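[1] 3D, please:
(one chain, ligands or ions: 2)
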Amino acid sequence: MSTHIGAKAGEIASTILMPGDPLRAKYIAETYLENPVCYSQVRNMLGYTGTYKGKKISVQGSGMGIPSLAIYTTELIKEYGVKTIYRVGSCGGMSPDVKIRDVILGEAGTTDSSIIANTFGAGMYYSPIADFGLLDSAYHTAQEMGINTKVGNIFAADRFYNDELDLQKLIDYGVLATEMETAGLYLLAAKHHIKALTILTVSDHLLTGEALSAKERETSFDEMAKLSLETAYRNIND
Ligand SMILES: O=P(O)(O)O[C@H]1O[C@H](CO)[C@@H](O)[C@H]1O
Ligand SMILES: O=c1cc[nH]c(=O)[nH]1
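    Ligands and ions are numbered 1, 2, ... in the order given. Have a look, this model is predicted:
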């Protein structure tokens, strides 16, 4: 067991799908994995391992925000030898180029989180980026599956509710959407030399105020889950 994950050695796959919501982890595991086994219920941050088309994959909730994601990511890497993480999340559309239900591949992560400054010190503006091989693979896998994707810069907000933020400036500079984890995931992936990619579904749009209903979220999130699993399957070589 690690401090926050109640799994024994060998119970977690080297490839992880990581939604923020632990109930999305349960849904993905129970809907798409063969023989899913729940390996952790610590703090109800559920984690499951099963197989997808015969290859071992785990699904682990991260919680919301970089501080929570960093706990699970660090323990998965350092205590369980995880090598690849796909974040599967919801996001708020920002750019007029993205629409509700769109699937977005996070090419890079912008953030107002202190994690960059805490890592590099003041004056160094490190750019967290996706693993290019996974990004390329997800993009082409989506095309084969008939899923239209948008690729670009994702803003990982430090606060979900933030009246002080200049959202329009980020939109003007081409940021596609906002969520709360990607920049932290990509930074930690770089630090520990593992691969990471964020795949998101636009659940609401900050410009139009549109939002998916609970039922619509289920079907839209299914597209993201299937793309993540198929990409993961194609990139597992062990
Ligand atoms: O749907 P998940 O993966 O939780 O992601 C998004 O939803 C949460 C906010 O509602 C944040 O974690 C944000 O990143
Ligand atoms: O972090 C998030 C997630 C979904 N929608 C938002 O507006 N922000």
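[2] for this structure, longest helix please?
    Longest helix in the chain, counting residues (DSSP state H): helix 214-234.
[3] run through the neighbouring helices and strands of that one.
    Where contact means 3 or more CB pairs under 8 Å, 6 or more residues apart in numbering; DSSP states H and E, helix 214-234 is packed against strand 15-18, helix 22-32, strand 47-52, strand 55-60, strand 84-93, strand 103-111, helix 132-145, strand 195-205. In short, each C-beta sits where N, CA and C put it, glycine included.
[4] repeat the analysis, applying 7 Å as the threshold.
    For helix 214-234, the helices and strands in contact under the criterion 3 or more CB pairs under 7 Å, 6 or more residues apart in numbering; DSSP states H and E are strand 15-18, helix 22-32, strand 55-60, strand 84-93, strand 103-111, helix 132-145, strand 195-205.
[5] list of residues touching it?
    Contacts with helix 214-234, where a contact means CB atoms under 7 Å, 6 or more residues apart in numbering, come from 15, 17, 24, 28, 32, 52-53, 55, 57, 86, 88, 101, 103, 134, 137-138, 141-142, 145, 147, 199, 201, 203, 212.
[6] next one: stretch 139-157
    With contacts defined as CB under 7 Å, 6+ apart, stretch 139-157 is touched by 66, 91, 97-98, 102-113, 170, 174-184, 198, 200, 223, 226-227, 230-231, 234.
[7] next: stretch 67-85.
    Residues from elsewhere that reach stretch 67-85 (CB under 7 Å, 6+ apart): 2-5, 7, 12, 14-16, 18, 45, 60, 62-63, 181, 184-185, 188-189, 192, 194-196, 235.
[8] how far off centre is the helix or strand where Ile71 lies?
    In the assignment (DSSP states H and E), Ile71 maps to helix 66-80. Offset of helix 66-80 from its chain centre (CA atoms, centre = their mean, to the nearest Å): 13 Å.
[9] pairing partners for the residue nearest the centre of the chain in the sheet, please.
    A centroid search over the chain (CA atoms, centre = their mean) returns Arg87, at 1.6 Å, as the residue closest to the centre. For Arg87, the beta-bridge partners are Met18, Thr198 (DSSP bridges).
[10] look at it and report its pLDDT.
    On pLDDT, Arg87 comes in at 98.
[11] return the distance of it relative to ligand 1.
    Separation of Arg87 from ligand 1 (CB to the nearest ligand atom, to the nearest Å): 7 Å.
[12] contacting residues around that residue?
    With CB under 7 Å, 6+ apart, Arg87 has these contacts: Met18, Glu181, Thr182, Leu185, Thr198, Ile199.
[13] one more time with 6 Å, if that's ok
    Arg87 makes contact with Met18, Leu185, Thr198, according to CB atoms under 6 Å, 6 or more residues apart in numbering.
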